[in-house]
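Engineer: Based on what follows, work out the 3D shape:
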Amino acid sequence: MARPSRQPSARARARHGRVGRSPVTGPHLPLAFTRRSLFETTVQSTAEYLVNQWPTELANLRIDVTPMPDQPSAVRGVARWRVVPDQNLVVLFRIPIERMSRLRRDDDWHRRLMVESCVFRAVGELIGKDPWDLAPDRFRHW
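Structural biologist: Next up is the predicted model:
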């Protein structure tokens, strides 16, 4: 005895009979933007701005981005950046900055501001200046 065929549910079948659709970028191409690439672009543009503002102090500035800090388990808290003054190096830790920062609103603009503020604070710590003194005209809109 043959069983009657059941119609698949609305969830089981594709919309308008189209099955197996790929993303707009195609199956063999990477996504247009990733969180990592946006983070690194923000860090790079902020660092370029600061070097243009302070060319003598930041002539040899190096900024590295790594996913997580390598700190001992006995240390409380998670570092957002590390400063190595004798090498003019700032190491930013992407995952703690992205995931552990408390944003007023969770949108692209506020995430970018958080990354920029971490770069400002880390570079300020490197050269011994207050982050607000690094770019006083950048935040004056009146």
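Engineer: where along this protein do the helices fall?
Structural biologist: 35-53, 94-100, 108-127, 131-134 (DSSP state H).
Engineer: Let me have these in JSON lines, extended by distance to N60, mean neighbour count and mean pLDDT.
Structural biologist: Quick note: C-beta positions are derived from backbone N, CA and C, even for glycine. Converted to JSON lines, these look like this (distance: least, Cβ to Cβ, whole Å; neighbours: other Cβ atoms under 10 Å; pLDDT from 0 to 100):
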{"stretch": "helix 35-53", "distance to N60": "10", "mean neighbour count": "16", "mean pLDDT": "93"}
{"stretch": "helix 94-100", "distance to N60": "23", "mean neighbour count": "16", "mean pLDDT": "90"}
{"stretch": "helix 108-127", "distance to N60": "11", "mean neighbour count": "18", "mean pLDDT": "93"}
{"stretch": "helix 131-134", "distance to N60": "17", "mean neighbour count": "15", "mean pLDDT": "88"}
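Engineer: Now tabulate the ones you listed in TSV and tack on distance to M68.
Structural biologist: Converted to TSV, the helices of the chain look like this (distance: least, Cβ to Cβ, whole Å):
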stretch	distance to M68
helix 35-53	13
helix 94-100	5
helix 108-127	15
helix 131-134	23
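Engineer: for the ones you listed, which one sits closest to V84?
Structural biologist: Counting by Cβ to Cβ, V84 lies closest to helix 108-127 out of the helices of the chain; the figure is 8.4 Å.
Engineer: So the residue positioned nearest the centre of the chain versus A59, what's the distance?
Structural biologist: Nearest residue to the geometric centre of the chain (Cα atoms, centre = their mean): F39, 2.8 Å. F39 sits 25 Å away from A59, going by Cβ to Cβ, to the nearest Å.
Engineer: try M114
Structural biologist: 27 Å.
Engineer: same check, this time on D107
Structural biologist: 35 Å.
Engineer: ok, now K129?
Structural biologist: 15 Å.
Engineer: Compare the two (neighbour count), which wins?
Structural biologist: Per other Cβ atoms under 10 Å, whichever of K129 and A59 has more neighbours is K129, with 14 against 9.
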